[in-house]
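Peer 1: Provided below are the primary sequence and the corresponding predicted coordinates.
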Amino acid sequence: MSQNCGGPRPYPVGIFKKQKTSLHGHKNVNRADTNENNTIDRTINSQLSRNTTKPGSDIVKGPLDPIFGQHRAFPISIETANVNFSKNPSSAIEYLAQVRLEAAMATRMAIGKEADYETNAGKHGNTDIDMNIEKITTNDNIVDSQLKILGICEVLDSFTEEYKVMRKKYAEYRSQLAELNAIELPETQKEWKYFIFNNEPKYDFVAQIIEEGQHMKLMVYFTKWLNTKMDRNFEKWLIMVLEALDQYLSPSDLSVVRGLGKKARKQLRNSLDDRNRKIMFEVLTVTGKFYGQRDLLEDIDETLLNQKR
């Protein structure tokens, strides 16, 4: 029996069992996901309808928020007292509640820092909390202003446009795919890690992963593996799977992608070489710009501008 010398061992041959999967140029629609999305839509539409029947109601905005000093864009009451960050949200309401609570926590911390700064500097005058809230409220306009001041908007836009080009390239590949000579996918996290770290990604591999609905499982694994030193094969898999994700995700899936972005943001605060810093920035750009998690783009270090594409 021949042995593989001088390189990584391939994944066990048994995993490359051929099977035929008819794609017809499109992804199969998961019936359970469709039903869940329909239920969410009905819930939101029902709530909107009830709001329009109330005197003085406004379907465009909710009540004035006491913490953020703004009207909520979503006219639905979101209870954050019992939000559990340890589990993925099962509905749009739970997802919004998690994001809102996270933003509120960050805002309160910022308010505290602002108050400390005022005291330590010996400044006096109006210390009304509403003024502090107005200064540090993290909405899209403020984030954009911060990024423009730092000159980072152009870098973000460049990364985003390249990401869109690669998404289009993958979409064209799938649209021409009638059948898939697929591999038998790994099952456990250990098997996946061995497979990914020892094999370069290919479109036919990634297409099979998306077809089998394994992409969000991989996003969870990727978040765990996203460390200060990235394996080069893993780096390629990470970006390619991100390019293959649907543009519009369910609340639960969006929460998983957000978690990946948060991990990348955290790693950017560590000591990284140019290559690994660029990877983290790419991931953060995709989650922040393309998938709308713009609060993750706050306070981006301007040293990122020095990273070459």
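Peer 2: Sure, I can see it.

Peer 1: what is the mean pLDDT for the strand or helix carrying Glu154?
Peer 2: According to DSSP states H and E, Glu154 maps onto helix 153-175. Mean per-residue pLDDT for helix 153-175: 91.

Peer 1: and it, what's buried?
Peer 2: Judged by neighbour count (16 or more other CB atoms under 10 Å), helix 153-175 contains these buried residues: 153, 155-156, 159-160, 163, 167, 170, 174. No exception for glycine: its C-beta is placed from N, CA and C like everyone else's.

Peer 1: where do the strands sit along this protein?
Peer 2: Remark: strands assigned in the chain by DSSP state E are 20-22, 179-181.

Peer 1: restrict stretch 279-297 to CA atoms and write it as CSV.
Peer 2: C-alpha atoms of stretch 279-297 as CSV (Å, rounded to 0.1, in the frame of the first residue of the first chain):
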residue,chain,number,x,y,z
ILE,A,279,-8.8,38.1,6.8
MET,A,280,-10.4,39.4,10.0
PHE,A,281,-11.2,42.7,8.3
GLU,A,282,-12.7,40.9,5.3
VAL,A,283,-15.0,38.8,7.6
LEU,A,284,-16.0,42.0,9.6
THR,A,285,-16.7,43.8,6.3
VAL,A,286,-19.0,41.1,5.0
THR,A,287,-21.0,40.9,8.3
GLY,A,288,-21.0,44.6,8.9
LYS,A,289,-21.7,46.0,5.4
PHE,A,290,-23.3,43.2,3.4
TYR,A,291,-25.3,41.6,6.1
GLY,A,292,-26.2,44.9,7.8
GLN,A,293,-24.6,44.4,11.2
ARG,A,294,-23.2,47.9,11.1
ASP,A,295,-22.8,48.4,14.8
LEU,A,296,-19.9,46.0,14.5
LEU,A,297,-18.0,48.5,12.4
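
Peer 1: stretch 192-201: which residues count as buried?
Peer 2: Neighbour counts using 16+ other CB under 10 Å place 192-196, 199, 201 of stretch 192-201 among the buried residues.

Peer 1: no no, stretch 283-296
Peer 2: So stretch 283-296, judged by 16+ other CB under 10 Å, has buried residues 283-291, 293-296.

Peer 1: tally of neighbours for Asp274?
Peer 2: For Asp274, the count of nearby residues is 10 (other CB atoms under 10 Å).

Peer 1: do a quick rundown of the helices in the stretch 151-300 of the chain.
Peer 2: Here the stretch 151-300 of the chain has its helices, by DSSP state H, counting those that start in this stretch, at 153-175, 189-197, 203-211, 215-225, 232-244, 251-267, 274-285.

Peer 1: tell me the helices and strands packed up against the last one.
Peer 2: Pointing back at helix 274-285 there. Packing partners of helix 274-285 (3 or more CB pairs under 8 Å, 6 or more residues apart in numbering; DSSP states H and E): helix 153-175, helix 232-244, helix 251-267.

Peer 1: could you list the low-pLDDT ranges of this structure?
Peer 2: 1-83, 85-86, 89-90, 92-93, 96-97, 100-151, 181-182, 301-309 (pLDDT under 70).

Peer 1: domains of it?
Peer 2: Following automatic domain parsing, one finds the domains of the chain at 16-51+138-306, 60-137.

Peer 1: and the helices and strands packed on helix 274-285: which comes nearest Arg275?
Peer 2: Nearest to Arg275, of all those, is helix 232-244, at 8.1 Å by CB to CB.

Peer 1: Gln293 against Gly259, yeah?
Peer 2: No: look at Gln293 against Gly259 with CB atoms under 8 Å: they stay out of range, at 10.0 Å.

Peer 1: coming back round to it: just put the buried residues of stretch 192-201 in CSV and tack on distance to Val220.
Peer 2: Formatted as CSV, those follow (distance: CB to CB, whole Å):
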residue, distance to Val220
Trp192, 10
Lys193, 12
Tyr194, 17
Phe195, 16
Ile196, 13
Asn199, 20
Pro201, 18
